[in-house]
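**Student:** Quick one, what's the 3D model for this:
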Amino acid sequence: MKQLFLFLSLLLTGLATAQDDYVDSCERILSTSIHDTTRVSIYGDLAEYIAEESEWMKYNKLALDLANNKLKTAKGKMRKFYLIARANAIGNIGYYYDDHGNKELSLKNYFKSLKLHD
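**Tutor:** Got it, this is the predicted structure:
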């Protein structure tokens, strides 16, 4: 039993360290001068990757805000890219409401996300 506990403790510690390393790497990239498509992609990845609610919501909002801003002028493939980023962020908001028991807002955001993916 002690061996199982030790194994699970090491596994969880390793997972937490791997998450921290990934988040740190992404944040280092974000601190450099990168293209907005890369920036919105990293924000979206972090929103999907981070388990802590306040943190993933922060990155989700950054992705949504940047996508909305870029959609004002984007055309062609770039417009499609930012529409997908916007749809994914709105889907994450749907997940948030679903997780907090607000089915009405959850469905509203999920359907809005689906419509954008069309």
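
**Student:** where's the residue nearest in space to the middle of the chain, which helix or strand?
**Tutor:** Against the mean C-alpha coordinate of the chain, by C-alpha atoms, centre = their mean, the closest residue is residue 47 at 2.2 Å. Using DSSP states H and E, residue 47 sits within helix 36-49.

**Student:** re earlier: hang on, isn't the residue nearest to the centre of the chain packed against residue 92?
**Tutor:** Yes. With contacts defined as C-beta atoms under 8 Å, residue 47 counts as touching residue 92 at a distance of 5.7 Å. To be clear about C-beta, it is placed using only N, CA and C from the backbone, and glycine gets the same treatment.

**Student:** shared neighbours of those two, anything?
**Tutor:** Listed as contacting both residue 47 and residue 92 by C-beta atoms under 8 Å, 6 or more residues apart in numbering are 56, 60.

**Student:** Does anything pack onto the helix or strand just after the helix holding residue 47? Which helices or strands?
**Tutor:** Next helix or strand after helix 36-49 toward the C-terminus (DSSP H and E): helix 53-71. In this structure, helix 53-71 makes packing contacts with helix 36-49, helix 76-99, judged by 3 or more C-beta pairs under 8 Å, 6 or more residues apart in numbering; DSSP states H and E.

**Student:** Mind putting these into JSON lines with mean pLDDT and distance to residue 115?
**Tutor:** Below are the helices and strands packed on helix 53-71 laid out as JSON lines (pLDDT from 0 to 100; distance: least, C-beta to C-beta, whole Å):
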{"stretch": "helix 36-49", "mean pLDDT": "95", "distance to residue 115": "18"}
{"stretch": "helix 76-99", "mean pLDDT": "96", "distance to residue 115": "8"}
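
**Student:** Redo these as TSV? Include distance to residue 57.
**Tutor:** Rendered in TSV, the data for the helices and strands packed on helix 53-71 read as follows (distance: least, C-beta to C-beta, whole Å):
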stretch	distance to residue 57
helix 36-49	8
helix 76-99	7
